[in-house]
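**Q** coords please:
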Amino acid sequence: MRKFILVCHDKPESFELRAETRGEHLEYIKSAGDRILLAGPMLDDQDRSIGSVLIIEAEDLRAARAFADNDPYATAELFLETEIRPYKV
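**A** A predicted model of the protein is given here:
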């Protein structure tokens, strides 16, 4: 297994969509179990969520991309862009 960092930027003014989808997103993250090494929101100057950062374990970049693409936030089209890079501790 390799580690990958996912940096997901929300679309502008998407606070409501994030809030509506949060429960499904959290269940998705929990269902991944130990493959999630770190996960949490990025915040703006007013402590509002503007994106997500995750460090996950996956077989390869294709599996990491599939994980990102199946996140309920992604399927709800919350993200403007998602960057996925191999990561090393």
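
**Q** Isn't Ala64 up against Leu6?
**A** Yes. The pair Ala64 / Leu6 is scored as a contact, 7.1 Å apart, by Cβ atoms under 8 Å. All C-beta atoms are positioned from the backbone trio N, CA, C, and that covers glycine.

**Q** Touching both of those two, which residues are there?
**A** Residues touching both Ala64 and Leu6 (Cβ atoms under 8 Å, 6 or more residues apart in numbering): Ile56, Ile84.

**Q** quick one: secondary structure of Ile5?
**A** Ile5 falls in the strand class when you classify it by DSSP: H, G, I helix; E, B strand; the rest coil.

**Q** Counting by contacts, list what the longest helix along the chain packs against.
**A** Taking DSSP state H as the criterion, the chain has its longest helix at helix 15-31. Using 3 or more Cβ pairs under 8 Å, 6 or more residues apart in numbering; DSSP states H and E as the contact criterion, the elements in contact with helix 15-31 are strand 49-58, helix 72-75.

**Q** Now mean pLDDT too, for the ones you listed, in a markdown table please.
**A** Listed next are the helices and strands packed on helix 15-31 as a markdown table, based on pLDDT from 0 to 100:
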| stretch | mean pLDDT |
| --- | --- |
| strand 49-58 | 97 |
| helix 72-75 | 98 |
